[in-house]
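Asker: need coordinates for the below:
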Amino acid sequence: MFDRVSIRPSKNVHFDLGQIAESLLFYKEVKLVCGVSFFHGLTQTDQTDAFLELMKSGKIKVHLEDNFLGSMRKPVADGKFLWQRPVLMQGKNVSLSDRLLKAILENTGRMGYSKRLANRILTHSEIHLHPGNLIDFVEEDIDNQVYLKKAIAHTIKLFNPDYEVNPEEIKVVVNKIQQGLILDSNIDFDSINKTKTNEYPISLETVLFNVMNTRQDLMLASTLNSDIVSSRINSVLMNEKINSFVQSSITNQEQIELFAQVVLKEGHKIREVISSGERKFSDFLSVLEKADKFKDWLKKLDNNDGLLSEYHKAVTEETWVDKLPGKTFRWSFFTGAGLVIDAVIGGGVGTLTGVALGAGDTFLLDKIIKGWKPDSFVNGELEKFVAKNS
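Answerer: Prediction:
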C-alpha cells in the first residue's frame, strides 16, 4: 500500500502542484503522466527548481505523453448528438522535445535557458504512448449496456444525491454509424439539471466522457502498476467495472464486496492552498522530508484508518499544514486479490473456463492475476480556498 500512485491531470486543470503535493504526503512515488502543457504552467511560476529537485530524487517520475485520447461531439436532429469515435492524437511533424522547448520558451523568452531546462526535464522523464487498443476498450465499455446504464445512474447520483435512478429502468440506444455514435436515452437530463442550477449541467456526453476517462485511468494504473488519483465518479465506475468482471469470472462464488473504503477525516487543505498560491510548492518540501521518516507506517495500514490518522498527525503536527482548514481524504482499496489468486490456483477463473469477457476486461483481469491492485486515491474537484492562514 502507498508505494506509488499515478496522476493524470484532467482536461480542465492541466497544472496542479497542490494535487501532486497531497499525493506525495502519502505515497513514496508519484508518477505524473502529463503533456507539455504541465511544464508550460510550471515555468509560469517560481517553483520549477523545487519540482525538478523531486524529479531528480525519484519521488516524482514524469511520463511525458506523446499522444492523447480525444473525441468530439456534433449536435444532430431531435436533441441527439453524434459522438465521434475516440482517436489517439499526436503532434504532426513536431517532436515531443520541440513541443516541450516551445512551451518553456513562451514563458522564459530565453532560448539557451529554455534548451537547458528542457534537457533537464527530458533526462528525468520517460515518454508515454497510450496504446492503440485503448480505443477498442473504450468502445467495448460503451457497448456494455449493463455498465453504461450504471454509469448513467452513478453520474446522476453524484450530480444530485437526492435524484436516484434505477439502472434497470434506464433505456439507452447506441446507434453506430460510419462517423461515430448517436446516443439516445429515456433520461430527462434537462429536468435533472434544473435541480442543481449552480452546477455544470450533465448529459449523455458527460456519461461517455466519464466512461472514457475511467477506462483510461484503469489502463494507465495497470500498465504502470500503481494506484491512481481519480475523481469521485471515475473511482465509483472503476469499482463497478472491476466488480462486474471479477464476480462473473470467478465460478461458484457468492457476491462479495471487493473494495474497502478508507476515510481520513483529519486531513488538511494542502492542495487548495498550494494551487491558490497561498503557499508555495517549495514550502511543502520540509513537510515531505518529515513524512519520509514515517512512510513505513503505511505498509502496516491494512485498511486501518486509525493508523492512517496517526501517520497524518505525526507528519503534519507543528508544521504550517497543521494550521490549515480541515479536509477529508478518501481511498478505495481492492481487497479481492486473495479471492482471485485462490480461484487461479483452483482453476476457477472464468476466462479459463468459458466465461466470455471483452478484451479490455480480460486485460485488466490478467493484470490483477499478476499482482496489480486497482486502488484509487479519490480526489474531488479542486475546492476554492478563501481563508488566509499564517
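Asker: any low-confidence regions in the stretch 151-300 of the chain?
Answerer: 198, 248-256 (pLDDT under 70).
Asker: so how far is Tyr147 from the residue nearest to Phe245 when sequence neighbours are not counted?
Answerer: In space, and not counting its chain neighbours, Phe245 is closest to Asp361: 4.1 Å by C-beta to C-beta, 6 or more residues apart in numbering. In this view, the C-beta of every residue, glycine as well, is placed from N, C-alpha and C. Counting by C-beta to C-beta, to the nearest Å, the gap from Asp361 to Tyr147 is 10 Å.
Asker: where do the contact lists of those two overlap?
Answerer: Jointly contacting Asp361 and Tyr147 under the rule C-beta atoms under 8 Å, 6 or more residues apart in numbering are 241, 244.
Asker: show me where the stretch 251-390 of the chain has its helices.
Answerer: 270-276, 284-292, 305-316, 337-345, 359-369 (DSSP state H, counting those that start in this stretch).
Asker: which elements pack onto the second one?
Answerer: In other words, helix 284-292. helix 17-26, helix 48-57, helix 305-316 (3 or more C-beta pairs under 8 Å, 6 or more residues apart in numbering; DSSP states H and E).
Asker: same check, this time on the longest one
Answerer: Helices and strands touching helix 305-316, by 3+ C-beta pairs under 8 Å, 6+ apart, are strand 259-268, helix 284-292.
Asker: in JSON lines: those, plus mean neighbour count.
Answerer: Putting the helices and strands packed on helix 305-316 into JSON lines (neighbours: other C-beta atoms under 10 Å) gives the following:
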{"stretch": "strand 259-268", "mean neighbour count": "17"}
{"stretch": "helix 284-292", "mean neighbour count": "17"}
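Asker: closest one to Phe189 among the ones you listed?
Answerer: Comparing the helices and strands packed on helix 305-316 by their distance to Phe189 (C-beta to C-beta), the top pick is strand 259-268, with 28.5 Å.
Asker: got the contact list for that closest one?
Answerer: 239, 242-243, 301, 303, 305, 308-309, 312-313, 316, 321-322, 324-336.
Asker: which ChimeraX command selects the buried ones in those residues?
Answerer: Command for ChimeraX that selects the buried part of these, burial taken from 16 or more other C-beta atoms under 10 Å:
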select :239,242,243,301,305,308,312,316,321,324,327,329,330,331,332,333,334,335,336
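Asker: now the nearest residue to Val172 once chain neighbours are set aside: how far from Asp49?
Answerer: Distance criterion C-beta to C-beta, 6+ apart; nearest residue to Val172, sequence neighbours excluded, is Ser185 at 4.2 Å. Distance from Ser185 to Asp49, counting by C-beta to C-beta: 51 Å.
Asker: comparing the two, which shows the higher neighbour count?
Answerer: The neighbour comparison of Ser185 against Asp49 (other C-beta atoms under 10 Å) goes to Ser185, with 18 against 10.
Asker: isn't that one right up against Leu204?
Answerer: Yes: using C-beta atoms under 8 Å, Ser185 is in contact with Leu204, at 6.1 Å.
Asker: between the two, which contacts overlap?
Answerer: What both Ser185 and Leu204 touch, as defined by C-beta under 8 Å, 6+ apart, is the set 152, 172.
Asker: burial check on the residue nearest to Phe245, number of neighbours?
Answerer: By the measure other C-beta under 10 Å, the count of residues near Asp361 is 24.
Asker: wait, it sits on Gln247?
Answerer: No: applying C-beta under 8 Å as the test, Asp361 and Gln247 come out as separate, 11.5 Å apart.
Asker: this structure: strands as residue ranges?
Answerer: Listed in chain order, the strands of the chain (DSSP state E) span 4-7, 29-34, 60-65, 68-70, 73-75, 81-84, 87-89, 125-128, 172-177, 180-185, 227-230, 259-268, 326-334, 376-378.
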